[in-house]
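Q: Fold the following and give me the result.
(one chain, ligands or ions: 1)
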Amino acid sequence: MINQLQEKYQLSLLLLLSAVAVLGIFPFVVIRYLAGNIVAAIIDMMLILGIISLVAYAYYSKKIRILSAVIAVFINTGVVIIVIANGIDSFLWIYPVFASTFILVKPVEAFCINVVAGISIVELSDVFNTISEESFIVTTSMLSLSAFVYASHGLKQFHLLETLNTVDALTGAFNRRAMRSDMTAAISNAERNGIKHLLAILDLDYFKMVNDKYGHAVGDKVLQDFVTIATSHIRKYDRLYRFGGEEFVLLIPEVSDQPDVFINNLRTTIKKELTTPDGKEITVSFGVASWVPGTTADTWLQRADEALYLAKAKGRDCAVFSN
Ligand SMILES: Nc1nc2c(ncn2[C@@H]2O[C@H](COP(=O)(O)OP(=O)(O)OP(=O)(O)O)[C@@H](O)[C@H]2O)c(=O)[nH]1
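A: Alright, predicted model coming up:
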């Protein structure tokens, strides 16, 4: 979910940036062509076509991060070439290009790319016959450093927002919003690539009694302990979500031939480790449904819920698989 959000955000920035770049550069293609500066017009046109092709490829391939990095290197290389070829006339392009690099890649990466481009301009172009090299170094350093600070701060805020948007505040498990999004991704993954997932609803047994006997604060602590125990016994790509109250959803790629063994091991481990303050074990019932062709998020949850109902009816502390 977090990755998906990040990619969507990055893609929208890429589209915006490329639109601004194309609208900004195109008038110069015409101006330079009319002024008879064919080489500069061709370089500008190549920049536009390069940006459009890379953004289009990023859009369709969904390889957003890697293509953003390629575009960052591409526009920085482009500005170095155009300043070398066109001299002082294209000098001011350095500033918007340096600043937009911070939109494309991580702040540290953008800073390094800017430094390499800046040094290349100092070493290879002859613009410093006309303008002061010191002014160039000071102004570009100031620009890159301020952009670095701003972008780093923005990145931190973005991560914080993502966490608030996807994580349950009490337990630290992912929330329902993240679950819906991951279920949609799991369904399309199964339909397109045949990677099936298993969905289990985990419901703590007689949890009302825990609250009634030990108080709500202890109930909260039990929910937190449950998440800590469950997440430490699932695998890297398995995800635990708080569905509501004392109900959780586990979404796991169906990698093993014996998912029932995995589920029952998890159930017995939780039973061993999850206790009330005076050491009484707390059990969990599981309703499990694997992906089958034609599954939607709602029917998937419904099948798992029906299986959970059967597990409760069988006396709790067990796992029932939907057929
Ligand atoms: N402490 C605490 N309790 C909660 C929270 N959310 C829901 N609950 C409690 O969870 C309890 C759920 O009770 P029931 O739905 O009757 O389920 P149960 O007692 O576990 O019974 P079975 O599921 O049938 O085994 C209720 O007492 C809710 O108040 C929470 O965030 N913190």
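Q: all contacts plus neighbour counts: C-alpha atoms, from now on.
A: Fine.
Q: can you list the domain ranges for the chain.
A: If you go by automatic domain parsing, the domain ranges for the chain are 2-166, 176-321.
Q: Just tell me which of the ones you listed ends up closest to the ligand.
A: domain 176-321 (3.2 Å; Cα to the nearest ligand atom).
Q: avg pLDDT for that closest one?
A: For domain 176-321, the mean pLDDT works out to 94.
Q: Start and end of it, how far apart?
A: By Cα to Cα, to the nearest Å, the extent of domain 176-321 from end to end equals 22 Å.
Q: near the ligand, anything from it?
A: Yes: using Cα under 6 Å from any ligand atom, domain 176-321 reaches the ligand at 204-209, 211, 216-217, 219-220, 245-246.
Q: what's the spacing between that domain and its chain's center?
A: Taking Cα atoms, centre = their mean, to the nearest Å, one finds the center of domain 176-321 at 24 Å from the center of the full chain.
Q: now do stretch 65-73
A: Distance, centroid of stretch 65-73 to centroid of chain: 16 Å (Cα atoms, centre = their mean).
Q: in it, what's buried?
A: Buried residues in stretch 65-73, counting neighbours by 16 or more other Cα atoms under 10 Å, are found at 65, 67-73.
Q: Next, give me the two most distant ones among those.
A: Spanning the widest gap among those are 65 and 73, at 12.7 Å by Cα to Cα.
Q: pLDDT (mean, whole number) over the host helix or strand of residue 160?
A: Secondary structure from DSSP states H and E places residue 160 in helix 133-166. Averaging pLDDT along helix 133-166 gives 94.
Q: buried set for the helix or strand following that helix?
A: Toward the C-terminus, helix 133-166 is succeeded by helix 176-193 as the next helix or strand (DSSP H and E). Neighbour counts over helix 176-193 (16+ other Cα under 10 Å) mark 176-179, 181-183, 186-187, 190-191 as buried.
Q: And the next helix or strand past helix 176-193?
A: strand 197-204.
Q: Contacts for that following strand next, please.
A: Outside strand 197-204, the residues that touch it by Cα atoms under 8 Å, 6 or more residues apart in numbering are 186-187, 190, 246-254, 282-291, 300-301, 304-305, 308.
Q: go again using 7 Å as the cut-off
A: With Cα atoms under 7 Å, 6 or more residues apart in numbering as the test, strand 197-204 has contacts from 186, 246-254, 283-291, 304-305, 308.
Q: Buried residues, stretch 26-46. List them.
A: Neighbour-count burial for stretch 26-46 flags 28-30, 32, 40-41, 43-45 (criterion: 16+ other Cα under 10 Å).
Q: ok, now stretch 279-298?
A: For stretch 279-298, the neighbour count (16+ other Cα under 10 Å) marks 282-291, 297 as buried.
Q: Tell me what the closest residue to residue 240 other than its chain neighbours is bridged to.
A: Of all residues not flanking residue 240 in the chain, residue 250 sits nearest, at 4.6 Å (Cα to Cα, 6 or more residues apart in numbering). Assessed by DSSP bridges, residue 250 has beta-bridge partners residue 200, residue 240.
Q: give the contact list for residue 250.
A: 199-201, 239-241.
Q: can I get those in a markdown table with neighbour count and distance to residue 228?
A: Putting the contacts of residue 250 into a markdown table (neighbours: other Cα atoms under 10 Å; distance: Cα to Cα, whole Å) gives the following:
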| residue | neighbour count | distance to residue 228 |
| --- | --- | --- |
| 199 | 25 | 19 |
| 200 | 30 | 17 |
| 201 | 27 | 17 |
| 239 | 20 | 12 |
| 240 | 24 | 10 |
| 241 | 26 | 12 |
